[in-house]
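> Structure, please.
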Amino acid sequence: MRNNLTILGRVVACSALLLALGSVPAAADWDFSFTPYIWGAGVSMEIEINNEPVIDADASFGDLVDSLEFALMGHFEARNEEFGLFLDGLYLDLSNKTTSQGGAMPPAPPAGTKVTTGLSMTIWELGGFYRPGGGSHGFDVLVGARVIDLSTDVRVNFPRLSPIERGRDGALTDFMIGVRYANLINDHWGYSARVDYSTGGSEGTWNAVLGLDYELGETGKYALQAGWRQMNIEVKDTKNGFKVETEVEMGGPILAFAIRW
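Okay, here's the model as predicted:
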C-alpha cells in the first residue's frame, strides 16, 4: 500500500505540472483531454516457482466484479501542435482470493492439494508523443515509462502438511515505446488504434487498444468511446531463494467518456 501511495504522489505531482501548462501564456494553444474509462477485462494468471507451475487460472469479468474491492482508471493528455504529453493510471484490488484444485510443486503434491491466489495491480504510464503535421487526428509515436506495481499471493495447502506461501510485491519501471493512429469516419464517428511494448523492470509487457469514438453534439468537447483492450505482463523475481515467474494476461471491452478543452 505504501508503494502505491508513493507512486500516486509522484504521478499527482506530474499531473499538476501538466495542468499548470494550461495557465502559461506560451501554452495558449495547448489542447487538453481527460478520459475516465471502464475496462471489463477478464484475467488469466500463470505462476511458476522454480520453473514448476503452481497456478494456471482464468477469471471472467463477472467473476472479477464479485471479488473487486476498488478500481480506478483514467487517461489525461495535453498537446501543442505536433507534440504532446500523456498520463494513464489503472488500479485494481482483487483481494478476495480464488481457490483451485491441484498444482505441481516439488515434491509431487498429494491428492487434494489446493492453491489459493490473490492479485492487486497498479499501472501508471507517463510519456510524450509526436504527431507529424499536428492536427486533431493522425499518426502518433509514443515514448515514455510504464510503472507496474504487481502484487500476487500464492498459498499451497497440502493435506496433513504445513502450507507454503509465496508471491511478489513491488513496483517495476519499464521503458515504453509504441504507435497510435486516429481518424474520422464522418462528422460524429471516428476510430483509433494503439500498440505499445515496454521492458526493463518487467520481462516484457505489451498493450493493444482498438476503439470507436462517437462525438456528442457539434462542439467536439465530449465523446463516447468503446472498444477492446488487451495487455500481457511477464515478471520474474527471486525471493528467499525461490524464483517466481508471473504472467498476467488481461483482455476485454473498454468504455470511456472523453472531456476535451
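
> from what I can see residue 187 touches residue 216, true?
No - Residue 187 lies out of contact with residue 216 (Cβ atoms under 8 Å); the separation is 11.9 Å. C-betas here are computed from N, CA, C, even on glycine.

> of these two, who's got more company?
Using other Cβ atoms under 10 Å, the more surrounded residue of residue 187 and residue 216 is residue 216, with 13 against 9.

> what are the phi and psi values for the nearest residue to the more buried one once chain neighbours are set aside?
Nearest in space to residue 216, with sequence neighbours left out and distances taken as Cβ to Cβ, 6 or more residues apart in numbering, is residue 222 at 4.3 Å. Here is the backbone geometry of residue 222 (degrees, to the nearest 10): phi -130, psi 150.

> measure residue 222 to residue 33 for me?
In this structure, residue 222 and residue 33 are 10 Å apart, going by Cβ to Cβ, to the nearest Å.

> now do residue 125
Summarising the geometry, the distance separating residue 125 from residue 33, computed by Cβ to Cβ, is 15 Å.

> Next: residue 44.
Between residue 44 and residue 33 the distance is 31 Å, computed by Cβ to Cβ.

> and if you look at residue 223?
Relative to residue 33, residue 223 is positioned 9 Å away (Cβ to Cβ).

> anything in contact with each of those two?
Overlap of the contact sets of residue 223 and residue 33 (by Cβ atoms under 8 Å, 6 or more residues apart in numbering) consists of 258, 260.

> Which pLDDT does the model give residue 172?
Residue 172 is assigned a predicted lDDT (pLDDT) of 90.

> May I see the buried residues of the strand or helix carrying residue 35?
Counting by DSSP states H and E, the element that carries residue 35 is strand 31-39. Burial within strand 31-39, assessed by neighbour count using 16 or more other Cβ atoms under 10 Å, is assigned to 32, 33, 34, 35, 37, 39.

> So which of the residues you listed sits lowest on pLDDT?
Within the buried residues of strand 31-39, the minimum per-residue pLDDT falls on residue 39 (88).

> ok, what's across the strand from that residue?
For residue 39, the residues forming beta bridges with it (DSSP bridges) are residue 254.
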